[in-house]
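**Student:** turn this into a structure:
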Amino acid sequence: MFNKLSKGENKISVTGLGYVGLPIALEFGRKFSVVGYDIDAERVKMLNVGIDEGNDIEPEAFKGTNVLFTTDLNELANCNFHIIAVPTPVDEHKVPDLSPLISATKSIAGILKHGDYIVYESTVFPGCTEDICLPVLEKSSGLKLNTDFKLGYSPERINPGDVQYTLKNVIKIVSGSDAEALENISAIYSEIIIPGVYQASSIKVAEAAKILENTQRDLNIALMNELSIILDKMNVNTYEVIEAAGTKWNFHKYKPGLVGGHCIGVDPYYLTYKAIELGYEPYVILGGRKVNDNMAFYVARRCMQKLIEAGKNLTDSRILVMGLTFKENVSDIRNSKVADLVQELLSFGLHVDVTEPNVSSNEVKSEYNFELLEEVKDKYDAIIIAVAHKEYLTLEEDYFLSLAKENCLLIDIKGIYRNKFTKFNYWSL
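**Tutor:** Below you'll find the predicted structure:
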């Protein structure tokens, strides 16, 4: 497979051109011939002129690549190494929603040929690739694993907004359905990954490694969030405690915050779902998820408590929330816990304005049914800096004072202004 790709005799397909699939398609497009497939016609149209509307990829990254972006599934029939990188969300009950994955699998199965490879990058629970996707591939294609086609799993490690740890700069875990598959998948990915690849002993190990990466981070942040709640009752600043504890050589400086997005806030549920299916109750993981999922509501309640303590009338109070995306310096608002914070404040009848420099108001309206403020003109009883965007890091205290009513509450969720402002009623996690 690798030799034929190198000679231009075979092509790579990438199904799903989101924040994971697009960088893969572009990097492989510098070495091989690639077809990028997505069902979003408008997105494909923009990608073909070198524009990523999500702003994760700069226009320069499209230059020098041999990639055809298409919504025509027939184009994938000419490919031989198929990568599936579609979303794997959870539903409203926190149950894995595998419908995009199954749909993509059926599409690839319909054009699968003898000698083809299929590699999954979507985050799943251990066993999903072989126990759920493989039967669909074999049934729909009439082909047999390792006799007619090869299977692999290589978990994505894309960190949106991170310019240091990019796709090509991070070791890539790879796995295959047999030794030959592992050898070829390793060789192909090694062409675009500078530090090289790590060969997992099995597909299940590779799947579990991805889940572990995000679950570990989720639990550590949950510990900091729970610590923040406890310390707040003692009137002790969490960030000062973290700095003090950080003087020990083996202390890891995780920080409290709102855990949203489509990785850390979602992936642990794939592991807990599988654990419960196997008859084990994952108390620690679910406990961490409960803490993190409730933090937006905790911040909203503390905001209202602080306003009452300051003598404010809640029904007359005006709140400004700065930042809506799930993390700093990205344009992705999916599963934003800031939106939960806003909705909680609105449910108590407070007037809430929201600003966000990286997202359009129409997108917010469509996703969360409220709009962004075009220009900040009013005075506020509370200002909540919810996301540490670069646009906010250089703002001075005078700027916030110009927006503040008397005895204004400043809630600094990420602690970026700690010990910098003296004229506010200040609170942070």
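**Student:** give me every residue that touches Y392.
**Tutor:** M322, G323, I385, I416 (Cβ atoms under 8 Å, 6 or more residues apart in numbering). Quick note: C-beta positions are derived from backbone N, CA and C, even for glycine.
**Student:** output these in JSON lines, with secondary structure, pLDDT and distance to T147 appended to each entry.
**Tutor:** As requested, the contacts of Y392 are exported to JSON lines (DSSP: H, G, I helix; E, B strand; the rest coil; pLDDT from 0 to 100; distance: Cβ to Cβ, whole Å):
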{"residue": "M322", "secondary structure": "strand", "pLDDT": "97", "distance to T147": "58"}
{"residue": "G323", "secondary structure": "coil", "pLDDT": "96", "distance to T147": "53"}
{"residue": "I385", "secondary structure": "strand", "pLDDT": "97", "distance to T147": "58"}
{"residue": "I416", "secondary structure": "coil", "pLDDT": "93", "distance to T147": "57"}
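**Student:** which of those residues lies closest to D131?
**Tutor:** Of all the contacts of Y392, D131 sits closest to G323, with 40.3 Å by Cβ to Cβ.
**Student:** lowest-pLDDT helix or strand in the chain?
**Tutor:** helix 2-6 (a mean of 82; mean pLDDT, DSSP states H and E).
**Student:** check the offset of that helix from the chain's centre.
**Tutor:** Relative to the centre of its chain, helix 2-6 is centred 32 Å away, using Cα atoms, centre = their mean, to the nearest Å.
**Student:** wait, what's in contact with S331?
**Tutor:** G54, N55, D56, T325, N358, V359.
**Student:** what about it, distance to I276?
**Tutor:** Going from S331 to I276 by Cβ to Cβ, to the nearest Å gives 35 Å.
**Student:** in a helix, that's where L231 is, yeah?
**Tutor:** Yes - applying DSSP: H, G, I helix; E, B strand; the rest coil, one finds L231 inside a helix.
**Student:** quick one, longest strand in this protein?
**Tutor:** Counting residues, the longest strand found in the chain (DSSP state E) is strand 404-412.
**Student:** I'd like to know which elements the next helix or strand after that one is packed against.
**Tutor:** Going down the chain from strand 404-412, the next helix or strand is strand 425-427, by DSSP states H and E. Packed against strand 425-427 by the contact rule (3 or more Cβ pairs under 8 Å, 6 or more residues apart in numbering; DSSP states H and E) you find helix 295-309, strand 404-412.
**Student:** can you list the strands that strand 425-427 pairs with?
**Tutor:** Note on strand 425-427: by DSSP bridges, its sheet partners are strand 404-412 (parallel).
**Student:** can you pull the buried residues of the strand it pairs with?
**Tutor:** Within strand 404-412, the residues scored as buried using 16 or more other Cβ atoms under 10 Å are A404, C408, L409, L410, I411, D412.
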